[in-house]
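> Structure, please.
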Amino acid sequence: MGIRIDSDESDAEVMVEMNTTPLIDVMLVLLVMLIITIPIQLHSVNLEMPSASAPPPPVEPKVVRIDVLPGGQLLWNGEPLAGRDALEARLAQAAGQADAPEIHLRPDRSAKYDTVAAVLASAQRHGLAKVGLVGSEQFLP
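Reported below is the predicted structural model:
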């Protein structure tokens with residue numbers, strides 16, 4: 001606050017207007033500091049382009065489909081298996097390949113859980129890591 005003194009008045013009044021000059025000066029200093037500290041924007045985008053000696057695209061993985069039917073019967077790519085021993089032999093053969101196939105396990109809605117769990121355990125025991133459950137939309141209410 002300040003006091004306004006006029007020559008024609010004998011009483012000194014209190015001035016109620018705020019002096020905005022220092023406020024504007026501080027704001028200008030802050031604006032200049034902000035402009036200086038902002039990094040310069042580049043109008044280019046750095047991209048890693050493939051070289052001429054890029055590796056060929058990966059081949060599609062081999063997929064083995066194992067179906068578990070309601071009675072506990074197993075199908076290997078649509079072909080019925082004689083039992084768990086036949087499944088173990090096929091899984092061992094698949095694990096021995098250089099490029100291990102993906103196992104797509106498709107259990108029926110009314111198949112027993114222990115049969116599905118046994119197939120998953122057999123695949124894990126043989127070192128097949130690419131195992132997926134397919135057809136889970138049939139379990140939705």
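
> and residue 130, how many residues sit next to it?
13 (other CB atoms under 10 Å). All C-beta atoms are positioned from the backbone trio N, CA, C, and that covers glycine.

> I misspoke; the intended subject was residue 22.
Going by other CB under 10 Å, the residues that sit close to residue 22 add up to 9.

> And it, how close does it get to residue 138?
Going from residue 22 to residue 138 by CB to CB, to the nearest Å gives 75 Å.

> With residue 130 instead?
In terms of CB to CB, residue 130 sits 22 Å off from residue 138.

> Touching, residue 111 and residue 72? I think so.
Yes. Judged on CB atoms under 8 Å, residue 111 makes contact with residue 72 at a distance of 7.3 Å.

> More neighbours: which of these two?
Comparing residue 111 with residue 72 by other CB under 10 Å, the one with more neighbours is residue 111, at 19 against 14.

> That one: what's it in contact with?
Contacts for residue 111 were tallied using CB atoms under 8 Å, 6 or more residues apart in numbering; they are 68, 69, 70, 72.

> Count the neighbours of the residue lying closest to residue 75 once chain neighbours are set aside for me.
Residue nearest to residue 75 in three dimensions, not counting chain neighbours: residue 67, with 4.0 Å by CB to CB, 6 or more residues apart in numbering. By other CB under 10 Å, the residues close to residue 67 number 22.

> Now residue 67, what are its backbone angles?
Dihedral pair for residue 67: phi -100, psi 140, per degrees, to the nearest 10.

> Give the full set of residues in contact with it.
Counting by CB under 8 Å, 6+ apart, residue 67 makes contact with 74, 75, 78, 106, 107, 108.

> Go through those residues and name the one nearest residue 36.
Distance to residue 36, by CB to CB, is smallest for residue 106 among those, at 64.1 Å.
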